[in-house]
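In: got a sequence here, can you model it:
(one chain, ligands or ions: 1)
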Amino acid sequence: MLRLLACLLMSTALAPFLAAEDGYRLWLRYDPLPETVRSDYAAAFTEIVTPANPSPTVALARDELARGLGGLLGSTVPTATQASRPHALVLGRPNDPAIAALIRESDLRAAGEEGFILRRLATPDGPRTYLVANRDIGLLYGAFALLRHVQARQPLAALDRVESPRIQRRLLNHWDDLDGFVERGYAGFSLWQWFHLPGEIDPRYREYARALASVGLNGAVLTNVNANAVILTPPYLEKVAALARTFRPYGIRVYLPARFSAPIEIGGLKTADPLDAGVAAWWRAKADEIYRLIPDFGGFIVKANSEGQPGPQDYGRTHADGANMLADALSPHRGIVMWRAFVYSPDNATDRVKQAWDEFAPLDGSFRQNVVVQIKNGPLDFMPREPFSPLFGGMPRTRLALELQVTQEYLGQSVQLAYLAPMWKEVLDADTYAAGPGSTVARVVDGSLRLQNLSVIAGVANTGTDRNWTGHVLAQANWYAYGRLAWDHALSSEQIADEWIRLTFGADPEVVATLSRMLLTSRETVVNYSMPLGLHHIMAVGHHYGPGPWVANLPRADWTSVYYHRADEGGIGFDRTPTGSNALEQYAGPWRELWGNVATVPENLLLWFHRVPWDHRMKSGRTLWDELCLRYQQGVDEVRALQRDWASLAGKIDAERHAHVTTRLARQERDAREWRDACLLYFQTFSKRPLPPGVEAPAHDLAHYKSIRLRYMPGNPGGG
Ligand code: GCV
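Out: I've put the predicted structure just below:
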């Protein structure tokens, strides 16, 4: 008896630790629903039926449903291979005649390769829920969709849909090095334990794959585009193959970066010239070797002749020569090449934002069918706000992929709250006019604009070994939102935020409303206190965290801040109209007109396209200087509003996650003040105007802010 009592006491004492709210469970929590809503769902799902001898993927779908429904409903939902009760949940494929008889041909076509049909149907044996897919992976995606539906407490009557992803290859790009460092990673170290692979499979690999599959992502580039050829050597390929085996049941293929000089570095050749027959043969043999180990290998990503990486231009060849040579090596295996357009040359004095177009647009139509040119959302480099990259409208005969940065290199890393879906929607919805109005970036990328048969989207991952995966618990929303948009870019930022909050923090209306507001305003807040009104690239050098508008005198002008803001006593901003660099010429007519005119350009891009005097009149009637100051102040005020909103949720959110975010928001408020004070004091040396009323006085002088040196920052390849 005593022993029993001791055990009970022990387990009560341990309970809070066992249920630690450290964010590890992401949005896949499956905590019991409140009693009031539970019974309807419990009555609707009495058993989970899958065919006998299921494939590993179908077994995962079944087990996820059992785990999820069991958790949500607070009692075990039995599994079976034959439906024996009313209200069974039946998983199947149309190769089962009983299933085929129930589902329309048109729905199966709409579900396609990876999609699913979820439907409640009346049958002679009572109502049942059917989850049907053409391939097993669709059943896994459908299982997650069904669990989302129940977890978010959506009505059962609404359970009638056919879904399929709009983009075929939905990838996370990891910038992970082989020594565990993650370039621009702010959530710890790389998840891949290369030393222990292939023998030891960290259980976290499966959790990672499960999270990817839960939002419909189906690929991972495992290592950094600043590539190391060692990943292509036999021992490392064995390790990659072990990861690929682990991910395969979750529908995830692995991809690797191809270092262009690999034939020299690990192949013993004298050249990596793409037109050299020996080089092409080396890559063909390498591809054959990879596919022997990893039959569903996805393909290569290449960063060539960019920021010091080797490439075909080293041999006087073009990007197309390089990409096509690799594409030919992969095509017998149906692999693809993702060739990045993030290029700007040290020998080119042209406005950096024009250079990708200059190098790539002339090559339009010369890439093989299994090549996609991968373009960052904006023409510069993942700034808090950029216009969309004009290249999306400039290569009509080439397959183009969109690269987004989920990790927040320039938006506060894992300290600051910045929900990025609104930023990504800006680019997805932008009209290139490439084939007339409606030629959105989303339609270029998903292939629907020109009925292209290969579509790719890439997100630079924000994951790492931190217990909560993404460093900041609320940054999980970006991983989630990226996956959901990759699946369906028509979803709105609001829908995705609402969904993620319900899954991650529950359905309390106050939590949902308050946190939605926080998420949806957060990116604009970061813009306001860091780079408002179209300012860009004025961050600190190297680690890119915090302000550095004074950064000058680096080995390359286009790495400095002064190159971009061009402030002097006459004004501020980069003239990209015909009187300046004319980067505008790369856009379609309607954009040239709108953005080219200082009277019509949206003020959030004013200083991106125009250089204007300090007393330029803004729409508010204020001078540019006053407006700029007030925007910086607004950013600080908005962080304080985030703090108040979050504080109001105390008691409604578990103490552990609440305290974590409270601490990060406090630091964000300090950071926002630092951005404001540093930038305004610096720009004031040119504007020579006072801070307008409403702007708080800086806490320190400019010399103080300039002297701040952050060392050993996470994710900075430059180290200390
Ligand atoms: C992987 C920016 C980042 C680099 C990154 C590069 C790229 O310049 O600061 O860390 O390198 O983009 O996208 O290739």
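
In: so what's residue 324 up against?
Out: Neighbouring residues of residue 324 by Cβ atoms under 8 Å, 6 or more residues apart in numbering: 274, 366, 367, 368, 371. Every residue, glycine included, has its C-beta placed from N, CA and C.

In: what stretches of the stretch 451-600 of the chain score poorly on pLDDT?
Out: For the stretch 451-600 of the chain, applying pLDDT under 70 flags no range at all.

In: residue in it nearest to the ligand?
Out: residue 544 (6.4 Å; Cβ to the nearest ligand atom).

In: what is the neighbour count of the residue nearest to residue 196 when sequence neighbours are not counted?
Out: Ranked by Cβ to Cβ, 6 or more residues apart in numbering and with sequence neighbours excluded, the top spatial neighbour of residue 196 is residue 202, at 7.2 Å. Residue 202 is flanked by 16 other residues according to other Cβ atoms under 10 Å.

In: contact partners for the closest residue to residue 562 other than its chain neighbours?
Out: In this structure, residue 562 finds its nearest non-sequential neighbour in residue 552, 4.6 Å apart by Cβ to Cβ, 6+ apart. The neighbourhood of residue 552, defined by Cβ under 8 Å, 6+ apart, consists of 560, 561, 562.

In: among the residues you listed, which one has the most neighbours?
Out: When neighbours are counted as other Cβ under 10 Å, the busiest of these turns out to be residue 561, with 24 neighbours.

In: contact residues of the stretch 151-300 of the chain facing the ligand?
Out: Proximity of the stretch 151-300 of the chain to the ligand is assessed by Cβ under 6 Å from any ligand atom, with 175, 183, 184, 225, 226 identified as the residues in range.

In: let me fix that: the stretch 601-720 of the chain
Out: Within the stretch 601-720 of the chain, no position is near the ligand by Cβ under 6 Å from any ligand atom.

In: for the ligand, what's the nearest residue on the stretch 601-720 of the chain?
Out: At 6.3 Å from the ligand, residue 717 is the closest residue in the stretch 601-720 of the chain, using Cβ to the nearest ligand atom.

In: can I assume that residue is in contact with residue 226?
Out: Yes - distance between residue 717 and residue 226: 7.5 Å, which falls inside the contact criterion (Cβ atoms under 8 Å).

In: which neighbours do these two have in common?
Out: Between them, residue 717 and residue 226 share the contacting residues residue 183, judged by Cβ under 8 Å, 6+ apart.

In: quick revisit: number of nearby residues for the residue of the stretch 451-600 of the chain closest to the ligand?
Out: The number of residues packed around residue 544, counting by other Cβ under 10 Å, is 20.

In: quick one: secondary structure of it?
Out: coil (DSSP: H, G, I helix; E, B strand; the rest coil).

In: from the contacts of residue 552, pick the one nearest residue 568.
Out: Lowest distance from residue 568 to the contacts of residue 552 (Cβ to Cβ) belongs to residue 562, with 9.5 Å.

In: quick one: the closest one and residue 548 touch, right?
Out: No - between residue 562 and residue 548 there is no contact under Cβ under 8 Å: 10.1 Å.

In: still on that earlier bit, filter the contacts of residue 324 down to the buried ones.
Out: For the contacts of residue 324, burial is judged from neighbour counts taken by 16 or more other Cβ atoms under 10 Å, and it is met by 274, 367, 368, 371.

In: show me the contacts for the residue of the stretch 451-600 of the chain closest to the ligand.
Out: With Cβ under 8 Å, 6+ apart as the criterion, the residues that contact residue 544 are 409, 410, 716.

In: try it again with 7 Å
Out: Contact criterion Cβ atoms under 7 Å, 6 or more residues apart in numbering gives 409, 410 as the residues in contact with residue 544.

In: then residue 243?
Out: Counting by Cβ under 7 Å, 6+ apart, residue 243 touches 192, 197, 205, 222, 254.

In: what strand or helix carries it?
Out: helix 234-247 (DSSP states H and E).

In: the next helix or strand after that helix pairs with which strands, parallel or anti?
Out: Moving toward the C-terminus from helix 234-247, the first helix or strand encountered (DSSP H and E) is strand 253-257. Under the criterion DSSP bridges, strand 253-257 sits next to strand 219-221 (parallel), strand 299-302 (parallel) in its sheet.

In: about what we covered before: and the contacts of residue 243, which two are furthest apart?
Out: Of all pairs drawn from the contacts of residue 243, the one with the longest distance (Cβ to Cβ) is 197 and 254, at 12.2 Å.

In: higher neighbour count, the two?
Out: Regarding residue 197 and residue 254, a neighbour count based on other Cβ under 10 Å identifies residue 254 as having more, with 24 against 20.

In: quick one: contacts for that one?
Out: Contacts here follow Cβ under 7 Å, 6+ apart; on that basis residue 254 touches 220, 222, 240, 243, 244, 247, 294, 297, 298.

In: so what's the residue count around the fifth one?
Out: It stands for residue 244. Burial of residue 244, expressed as a neighbour count using other Cβ under 10 Å, amounts to 23.

In: ok, now the last one?
Out: In terms of burial, residue 298 registers 24 neighbours under the definition other Cβ under 10 Å.

In: point out where the chain drops to low pLDDT.
Out: Under the criterion of pLDDT under 70, the regions of the chain flagged as low confidence span 1-19.

In: my guess is residue 419 meets residue 524, correct?
Out: No - with contact defined as Cβ atoms under 7 Å, residue 419 does not count as touching residue 524 (10.1 Å).

In: compare the two (neighbour count), which wins?
Out: Under the neighbour definition other Cβ under 10 Å, residue 419 and residue 524 were set side by side, and residue 419 has more, 25 against 18.

In: Three-state assignment for that one, please.
Out: Local secondary structure at residue 419 is given as coil here, using three-state DSSP.

In: ok, now how distant is it from the ligand?
Out: Note on residue 419: its distance to the ligand, by Cβ to the nearest ligand atom, to the nearest Å, is 21 Å.
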